[in-house]
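Q: model this:
(one chain, ligands or ions: 2)
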Amino acid sequence: MEAIRQICPNKYLNFRALEAINSRGGMMILWDRGQRELVDCIAAIGQTARVLEGKPIANNINSRIAAEICEMKNTIGKTPGLGVILVGGRRDSQSFVRIKMKVGIVPFTVELPEDCSEAELFDAVSSFNENPLIHGVIVQLPLPKILHVRVIFFSEVSPKVRSLAYSNFGIDLWAQHLDEEKIISYVSPEKDVDGFHPTNVGNLAMNDVEIKGENVVVVGRSKLVGLPTSLLMQRHHATVTTVHAFTGNPKQVTCGADILVSDIGVPNMIRGHWLNPGVIVVDMGANSVEDTDSLKGQRLIGDVCYDAAIVKASAITPVPGGVGPITISMLLSNTLDAAKRTYRHT
Ligand SMILES: NC(=O)C1=CN([C@@H]2O[C@H](COP(=O)(O)OP(=O)(O)OC[C@H]3O[C@@H](n4cnc5c(N)ncnc54)[C@H](OP(=O)(O)O)[C@@H]3O)[C@@H](O)[C@H]2O)C=CC1
Ligand SMILES: Nc1nc(=O)c2c([nH]1)NC[C@@H]1CN(c3ccc(C(=O)N[C@@H](CCC(=O)O)C(=O)O)cc3)C=[N+]21
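A: Numbers count the residues shown, from 1 in each chain. Ligands and ions are numbered 1, 2, ... in the order given. Okay, here's the model as predicted:
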């Protein structure tokens, strides 16, 4: 009862059902999804996941990269360059690009409007491919879709005011005018520091990660994250299941995971009751949401409901400070490696 009072001190609570929570026993009040989550958390007090901090690892990698770049500059007078192509003004893009340039890699940035043509984008990739000062090229994904047709259903036409009185129901049809697959495969494989190129995805799966025999559920199947992660996990003998937008009962699948990797891009979609107690959660989601308390007016959150997962999982990567900084470090590290290959510098 104390737990319930903490959540809703002044509210009348309508008890509809009581049931055990997984194997730990406890109480669950069902009246709406959000509240059920809170009770779930409180009932599980005493179990807290290990937080897998990515920042310290990323800092180590970044120090190593900075030192190597310094050495490279001193011995052969060269510096790695990274070309970034941004299409459309995505809110998260600027900070993503800013972080990349910290360790001494020279940035080259091209910004194109969201309605740019495929030819313009190919030209930008091509000029980066050919530029000898650029060793890594990334095209920021996802590429924008543009509004193609908007259908609005309206309930009446008023001839007097010569306007339409809309019902607020409509359908927007978006068109993907830029073919992501084609554009990404246009980046030279030796400059593909994202690791998209089929050859590089194969190489990614050669790394040594000990996950043999585990049930891994990867939520999302994008070329950027989900697909390479599934390949990587399979290569290391995990039993991998993919959840995507057409999966009928995603919760049922995620509940069977020993390791859950999420790259959906939907803030807080994975709730506490989607998780198997003791699961290891790798939250790749980097979702910018409005936050009026923050100076920037926004903050970054993951795909997994962190407050619920921290009391249910055995380990979890936080957002921010988890996978994100390591992704950037590895991208920089790949750029440095590409520059070393170009200059035959060891
Ligand atoms: N932390 C990091 O280092 C990185 C983070 N990211 C972040 O990862 C997130 C995803 O990015 P990205 O992979 O490029 O996104 P995409 O939009 O390319 O892919 C999203 C995937 O999630 C699936 N999906 C979407 N909605 C649902 C749903 N309701 N139920 C089940 N599956 C769903 C889609 O399924 P379907 O295929 O059926 O459409 C798709 O496979 C973003 O937040 C991005 O910012 C990305 C790169 C690096
Ligand atoms: N071709 C391509 N390659 C990408 O790798 C790619 C992309 N497109 N499109 C967008 C997503 C998103 N993404 C992030 C990586 C790190 C952080 C990151 O490090 N975030 C910090 C916080 C940053 C902040 O607060 O501004 C953190 O998680 O701690 C965020 C987002 C890579 N992406």
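
Q: How about the residues of the stretch 201-346 of the chain by ligand 1?
A: Residues of the stretch 201-346 of the chain lying close to ligand 1 by C-beta under 6 Å from any ligand atom are 219-222, 224-226, 243-247, 250, 263-266, 284-287, 323-324, 327. All C-beta spots, glycine's among them, are computed from the backbone N, C-alpha and C.

Q: so which of the residues you listed are also by ligand 2?
A: Near ligand 2, by the rule C-beta under 6 Å from any ligand atom, you find 224, 286, 324, 327 out of these.

Q: hang on, the second one packs against Asp303?
A: No. Ala286 sits out of contact with Asp303 when judged by C-beta atoms under 8 Å, with a separation of 9.0 Å.

Q: Sort out for me which of the residues of the stretch 201-346 of the chain next to ligand 1 are in helices.
A: Here DSSP state H is the test, and those give 226, 250, 323-324, 327 as lying in helices.

Q: Which parts of the stretch 201-346 of the chain are helices?
A: Using DSSP state H, counting those that start in this stretch, the helices assigned to the stretch 201-346 of the chain run over residues 226-235, 250-254, 306-309, 323-343.

Q: Redo these as TSV? Include mean pLDDT.
A: Converted to TSV, these look like this (pLDDT from 0 to 100):
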stretch	mean pLDDT
helix 226-235	88
helix 250-254	97
helix 306-309	95
helix 323-343	91
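
Q: Throw these into a markdown table and include mean neighbour count and distance to Glu68, thanks.
A: Below are the helices of the stretch 201-346 of the chain laid out as a markdown table (neighbours: other C-beta atoms under 10 Å; distance: least, C-beta to C-beta, whole Å):
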| stretch | mean neighbour count | distance to Glu68 |
| --- | --- | --- |
| helix 226-235 | 20 | 25 |
| helix 250-254 | 17 | 40 |
| helix 306-309 | 20 | 35 |
| helix 323-343 | 20 | 6 |
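
Q: Those into JSON lines, with extra columns for distance to Leu52?
A: Shown next, in JSON lines, are these (distance: least, C-beta to C-beta, whole Å):
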{"stretch": "helix 226-235", "distance to Leu52": "15"}
{"stretch": "helix 250-254", "distance to Leu52": "18"}
{"stretch": "helix 306-309", "distance to Leu52": "12"}
{"stretch": "helix 323-343", "distance to Leu52": "9"}
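
Q: pLDDT below threshold where in the chain?
A: The model of the chain has pLDDT under 70 over residues 1-47, 90-101, 147-174, 197-210.

Q: domain assignment for it?
A: 2-43, 75-167, 191-324 (automatic domain parsing).

Q: what about the nearest residue to Glu180 once chain neighbours are set aside, which SS state?
A: Residue nearest to Glu180 in three dimensions, not counting chain neighbours: Leu143, with 5.3 Å by C-beta to C-beta, 6 or more residues apart in numbering. Recorded secondary structure, Leu143: coil (DSSP: H, G, I helix; E, B strand; the rest coil).

Q: Verify the stated contact: Leu143 with Glu181.
A: No. Using C-beta under 8 Å, Leu143 is not in contact with Glu181, being 10.3 Å away.

Q: Quick check: Lys212 vs ligand 1, distance?
A: 25 Å (C-beta to the nearest ligand atom, to the nearest Å).

Q: For that residue, give me its contacts.
A: 236-238 (C-beta atoms under 8 Å, 6 or more residues apart in numbering).

Q: out of those, who has the most neighbours?
A: Ala238 (22 neighbours; other C-beta atoms under 10 Å).

Q: So that one is in contact with Ile259, correct?
A: Yes. Ala238 lies in contact with Ile259 (C-beta under 8 Å); the separation is 7.2 Å.

Q: Quick check: neighbours shared by those two?
A: 211, 214-216.

Q: And the residues you listed, which two are furthest apart?
A: Ile211 and Asn215 (9.9 Å; C-beta to C-beta).

Q: Overlap of the contact sets of these two?
A: 238, 259.

Q: quick one: contacts for the residue nearest to Leu112 when sequence neighbours are not counted?
A: In space, and not counting its chain neighbours, Leu112 is closest to Val87: 4.8 Å by C-beta to C-beta, 6+ apart. Going by C-beta under 8 Å, 6+ apart, Val87 touches 111-114, 116, 121, 139-140, 143-144, 178.

Q: Narrow these to those in strands?
A: Secondary structure defined by DSSP state E assigns 111-112, 139 of those to strands.

Q: Looking at the residues you listed, which one is closest to Ala315?
A: Val139 (32.8 Å).

Q: if I read this right, that closest one contacts Ile85, doesn't it?
A: Yes. If you go by C-beta under 8 Å, Val139 and Ile85 touch, sitting 4.7 Å apart.
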